[in-house]
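Asks: model the structure of this input:
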Amino acid sequence: MRPTTPARLVTCALLALAPFLIACDGDSAKQAASDAKAAAAEVADATREHAQAAGEAAKAAGAAAKETLGEAGEDLAAARDAAGEKLGQAVESLKRFSVESKDELVAKVEAELVELDAKTAELKAAAADASEGARMQLSLVLAKLDTKRVAFEAKLDGLRAAGADKWADLQEGVEERLAGLEDEVDQAEERVDALLEEDTGAKGDTTWSPGVPKELFEVVKVVDGDTIHIARNGGVDKLRLLSVDTEEKLSGRPFNPDKPETLYGEDTMLWAQDLFAGLAGEDGVTRVGVAFPNGEEEYDMYGRLLCHVILPDGTDFNVQLVAEGRSPYFMKYGYSRLAHGAFEAAEAEARKAELGVWSPDVNKPASASDPWHKRDYDKLVPWWRARAEAIEAFRTLQANNPQAAFASEDEDGLAEGVEYSERFGYPINVFGAIDRVFEEDDGSLTLLFRALEGKTAFRAHIPAELRSEFAHFDFETRGEPYKQNYFFVVGDLVRGPRGFDIWATDKFSIRLGAPDPVYPE
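Replies: Numbers count the residues shown, from 1 in each chain. Coordinates of the predicted model:
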């Protein structure tokens with residue numbers, strides 16, 4: 001609607017009188033005009049009064065609006081001040097400790113650390129009661145926790161050294177680190193509890209029943225106690241039985257003190273041949289099944305298929321070898337992923353009964369003048385177990401962080417590690433056995449790790465200035481028998497001209513895969 005103005009009101013009045021003006025002429029018209037003029041004057045006066053009233057109303061409305069706006073502005077300012085005060089209180093409340101001095105803050109943080117250290121000590125005490133395999137896994141969890149604790153202590157030292165005008169600025173960072181350390185302790189507690197529960201189950205689970213094999217393969221040849229050939233997939237597979245290592249049969253080869261040919265090795269070969277011959281069916285053919293850890297087929301460096309042999313009735317032949325004392329539980333290349341508890345129990349019983357290799361008279365010659373060739377299991381078993389602990393530690397690390405943990409013999413995995421390290425800047429853990437050690441012209445030391453034949457190798461490099469940090473490892477002797485030669489290397493993994501490389505940056509870059517073996521005196 002258009003606004004009502006004074007001119008518009010006059011126009012309206014004239015339009016209203018127009019019929020009378022048209023209907024009259026002469027004196028009548030003059031009179032009508034006079035009447036119209038008077039009416040217009042009245043309209044004009046009314047319009048002026050209306051305009052004046054409207055102006056006064058507008059003036060009053062403006063004053064009221066100004067007053068209202070002023071009150072709103074004051075309210076807005078008050079609200080702003082209140083919000084600022086509350087925000088300041090909220091920010092201040094984010095601080096965990098309400099303190100007035102640096103010494104007070106340090107004291108409160110140290111009190112929290114006492115509780116955390118006590119909790120960590122409890123975890124370490126619980127880990128001490130675990131089996132050897134579980135202890136190694138637990139040591140990795142607790143070592144990570146110790147590293148975080150040392151890092152926090154360095155942060156706290158910075159607070160202790162801060163001046164009176166600086167300590168308050170450090171409070172938030174210290175509290176964040178403390179909260180992170182508390183989270184680490186909680187996570188470690190959960191991990192320790194889980195590992196101990198698994199360990200209890202593993203120690204209690206001494207039975208392993210693979211069941212009757214669904215598929216049977218013809219036994220082509222029984223080479224010795226732990227090597228069998230079978231017909232499979234249109235060819236012949238040479239089997240290397242996992243977790244066992246029977247003694248060498250007599251062949252006339254030169255004497256090897258680390259793995260001598262023995263009378264019992266020959267006896268075990270003949271025993272195995274008779275056993276498999278006795279399992280032949282009516283057609284004169286012996287058939288057996290095979291089982292693989294995690295259902296995955298793997299071959300050793302000699303092209304032998306690594307597996308368990310399952311007899312037609314469901315008996316695990318590998319475990320049977322250990323139960324009858326024909327072999328120790330051979331863990332040099334890691335604990336069994338199928339029957340660890342069964343192997344441990346079988347060996348314990350065989351030792352107790354002094355069966356086979358555990359007999360004090362095993363391999364004793366008929367004549368006192370003949371040499372007594374025996375394997376030194378007092379040295380071999382601790383060495384194998386130390387290696388198994390290292391491998392188990394790697395399995396655990398890789399299971400928890402598959403994108404950042406690889407074996408030195410896994411060329412494809414290392415290539416993935418290079419890409420992951422470059423893309424995310426994340427350190428990579430490489431696990432393996434040292435093959436050779438090289439002195440470089442610049443004073444650095446190069447550790448060449450074992451690789452599969454024809455595959456790209458991994459090298460760890462120690463700068464000259466860091467060599468003293470690793471001298472205690474005595475790398476040059478790590479290839480000798482009866483020493484732990486598995487190591488972890490962590491850092492930025494790159495692909496160099498000769499293969500894969502990591503350069504050590506501090507004393508934590510290289511560590512033993514597991515402690516050195518301890519031998520009986």
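Asks: list the buried ones in the strand or helix carrying residue 109?
Replies: Element membership for residue 109, per DSSP states H and E: helix 102-128. Residues 102, 105, 106, 108, 109, 112, 113, 116, 120, 123, 127 are the ones in helix 102-128 that count as buried (16 or more other Cβ atoms under 10 Å). The C-beta positions use only the backbone N, C-alpha and C, and glycine is treated the same way.
Asks: per-residue confidence for the fourth one?
Replies: pLDDT recorded at residue 108 is 91.
Asks: what about the closest residue to it other than its chain neighbours, how many neighbours?
Replies: In this structure, residue 108 finds its nearest non-sequential neighbour in residue 97, 4.8 Å apart by Cβ to Cβ, 6 or more residues apart in numbering. When neighbours are counted by other Cβ atoms under 10 Å, residue 97 registers 14.
Asks: residues contacting residue 97?
Replies: Contacts were defined as Cβ atoms under 8 Å, 6 or more residues apart in numbering; by that measure residue 97 touches 104, 105, 108, 109, 171, 175.
Asks: these two touch, right, the fifth one and residue 108?
Replies: In other words, residue 171. No: if you go by Cβ atoms under 8 Å, residue 171 and residue 108 don't touch, sitting 10.3 Å apart.
Asks: what sits in contact with each of the two?
Replies: The contact sets of residue 171 and residue 108 overlap at 97, 99 (Cβ under 8 Å, 6+ apart).
Asks: let me know the secondary structure of residue 349.
Replies: Here residue 349 takes the helix state, with states given by DSSP: H, G, I helix; E, B strand; the rest coil.
Asks: that one contacts residue 324, doesn't it?
Replies: No: with contact defined as Cβ under 8 Å, residue 349 does not count as touching residue 324 (10.0 Å).
Asks: show me where pLDDT drops low in this protein?
Replies: For the chain, the stretches with pLDDT under 70 are 1-94, 129, 131-137, 197-207.
Asks: show me where it has strands.
Replies: Secondary structure of the chain, counting by DSSP state E: strands at 217-224, 227-232, 235-241, 287-291, 298-299, 305-310, 405-407, 428-439, 445-449, 458-462, 486-491, 494-496, 499-503, 510-512.
Asks: would JSON lines of those with distance to residue 253 be doable?
Replies: Shown next, in JSON lines, are the strands of the chain (distance: least, Cβ to Cβ, whole Å):
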{"stretch": "strand 217-224", "distance to residue 253": "13"}
{"stretch": "strand 227-232", "distance to residue 253": "16"}
{"stretch": "strand 235-241", "distance to residue 253": "19"}
{"stretch": "strand 287-291", "distance to residue 253": "29"}
{"stretch": "strand 298-299", "distance to residue 253": "24"}
{"stretch": "strand 305-310", "distance to residue 253": "24"}
{"stretch": "strand 405-407", "distance to residue 253": "32"}
{"stretch": "strand 428-439", "distance to residue 253": "25"}
{"stretch": "strand 445-449", "distance to residue 253": "29"}
{"stretch": "strand 458-462", "distance to residue 253": "33"}
{"stretch": "strand 486-491", "distance to residue 253": "29"}
{"stretch": "strand 494-496", "distance to residue 253": "41"}
{"stretch": "strand 499-503", "distance to residue 253": "35"}
{"stretch": "strand 510-512", "distance to residue 253": "34"}
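Asks: quick check: residue 489 touching residue 509?
Replies: Yes: with contacts counted by Cβ under 8 Å, residue 489 reaches residue 509, the gap being 6.5 Å.
Asks: what do the two both touch?
Replies: 460, 502.
Asks: compare the two and say which is more crowded by neighbours.
Replies: Using other Cβ under 10 Å as the criterion, residue 489 and residue 509 rank with residue 489 on top: 27 against 20.
Asks: contact partners for the more buried one?
Replies: Neighbouring residues of residue 489 by Cβ under 8 Å, 6+ apart: 429, 430, 431, 447, 458, 460, 502, 504, 509, 510.
Asks: ok, of these, which one's closest to residue 376?
Replies: Nearest to residue 376 among those: residue 431, at 27.6 Å, using Cβ to Cβ.
Asks: distance check, that closest one against residue 475.
Replies: Residue 431 sits 16 Å away from residue 475, going by Cβ to Cβ, to the nearest Å.
Asks: repeat for residue 483
Replies: Between residue 483 and residue 475 the computed distance is 11 Å (Cβ to Cβ).
Asks: compare those two (neighbour count), which wins?
Replies: residue 475 (20 against 14).
Asks: my read: that one touches residue 448, true?
Replies: No: in this structure, residue 475 is not within contact of residue 448 by Cβ under 8 Å, at 10.4 Å.
Asks: what touches both of the two?
Replies: 434, 437.
Asks: now do the helices in the stretch 201-350 of the chain.
Replies: With DSSP state H, counting those that start in this stretch as the criterion, the stretch 201-350 of the chain has helices at 263-277, 317-323, 340-353.
Asks: what are the buried residues along the last one?
Replies: It stands for helix 340-353. Applying 16+ other Cβ under 10 Å to helix 340-353 flags 340, 341, 342, 343, 344, 345, 346, 347, 349, 350 as buried.
Asks: same thing with stretch 379-394?
Replies: Buried residues in stretch 379-394, defined by neighbour count with 16+ other Cβ under 10 Å: 380-394.
Asks: in helices, which of the residues you listed fall?
Replies: Among these, the ones falling in helices (DSSP state H) are 380-394.
Asks: which one of those residues is nearest to residue 237?
Replies: Of all those, residue 237 sits closest to residue 391, with 24.4 Å by Cβ to Cβ.
Asks: got a list of what that closest one touches?
Replies: Counting by Cβ under 8 Å, 6+ apart, residue 391 touches 333, 334, 335, 486, 513.
Asks: likewise residue 460?
Replies: By Cβ under 8 Å, 6+ apart, the residues touching residue 460 are 430, 446, 447, 449, 487, 489, 501, 502, 503, 504, 509, 510.
Asks: just confirm the third one contacts residue 457, I think it does.
Replies: In this case it means residue 447. No: in this structure, residue 447 is not within contact of residue 457 by Cβ under 8 Å, at 10.6 Å.
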